[in-house]
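Asks: from the sequence below, what's the structure:
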Amino acid sequence: MTSTTSLSTLTGDYVIDPTGTRIGFVARHTMASRVRGRFDDFEGALRLDGDDPSRSDVRLAIRSHSIRTGSEQRDGHLRGRFLRVGDHPSITFTSTGAERTGEAAFRLTGDLTMCGVTQPVALDLTLTGDGDRVRFGGGATIDRLDWGVNWNAATALLVARKVVLELDVTATRRP
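Replies: This next block holds a predicted model:
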């Protein structure tokens with residue numbers, strides 16, 4: 001947060017700006033060390049309450065087919081065999097709580113739905129903002145098998161279970 005901005009001035013409704021947002025992930029693979037990827041098609045909205053962050057609300061919808069890792073072949077495998085986008089076209093996050101953990105640090109809890117499975121997730125985020133724009137950076141580490149994101153027994157061994165979710169989200173205040 002800028003030093004002159006108080007949390008209460010950030011109270012309001014915001015929409016995620018796709019041009020200033022990156023939703024990505026990092027997964028370890030025994031053959032390629034680390035695989036970085038991102039999703040290019042998403043939308044979301046936030047209701048921030050600077051006086052009582054626990055009353056804030058976040059919703060995010062990601063189009064599963066928009067996954068990109070820099071390899072068309074790998075992207076095809078991820079879409080078809082891991083994410084099964086034909087049956088599960090969206091990945092969603094709906095917040096269930098928020099708490100301030102530091103000067104500009106927050107823990108956002110919510111339900112992440114992927115491949116038809118919903119599990120709780122806690123995101124550790126840092127907030128900056130000026131009132132008309134806010135930016136959250138941070139993420140979480142999840143176990144992809146909790147959501148059934150796997151192809152077969154061999155990939156369960158070749159691709160690490162833990163996946164780091166990386167968020168760099170910019171949102172603009174709704175008029």
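Asks: so residue 129 bridges to which residues?
Replies: residue 134 (DSSP bridges).
Asks: pretty sure residue 127 is touching residue 108, no?
Replies: No. The pair residue 127 / residue 108 is not scored as a contact, 10.0 Å apart, by Cβ atoms under 8 Å. Quick note: C-beta positions are derived from backbone N, CA and C, even for glycine.
Asks: look at residue 84 and give its secondary structure.
Replies: coil (DSSP: H, G, I helix; E, B strand; the rest coil).
Asks: need the residues that contact the longest strand along the chain.
Replies: Looking across the chain with DSSP state E, the single longest strand is strand 159-173. Residues outside strand 159-173 that contact it (Cβ atoms under 8 Å, 6 or more residues apart in numbering): 12-17, 20-30, 44-46, 121, 123, 125, 131-145, 149-150.
Asks: now that we have the residues you listed, which of them are buried?
Replies: 14, 16, 21, 23-27, 44, 46, 121, 123, 125, 134-136, 138-140, 142, 144, 149-150 (16 or more other Cβ atoms under 10 Å).
Asks: report how many residues lie close to the residue nearest to residue 78 when sequence neighbours are not counted.
Replies: Spatial nearest neighbour of residue 78, chain neighbours left out: residue 67 (5.3 Å); criterion: Cβ to Cβ, 6 or more residues apart in numbering. Neighbour count of residue 67, defined by other Cβ atoms under 10 Å: 22.
Asks: what's near enough to touch residue 67?
Replies: Contacts of residue 67 (Cβ under 8 Å, 6+ apart): 37, 38, 39, 75, 78, 79, 83.
Asks: excluding its backbone neighbours, what's nearest the second one?
Replies: So the one you mean is residue 38. Excluding its sequence neighbours, the residue lying closest to residue 38 (Cβ to Cβ, 6+ apart) is residue 24, at 4.1 Å.
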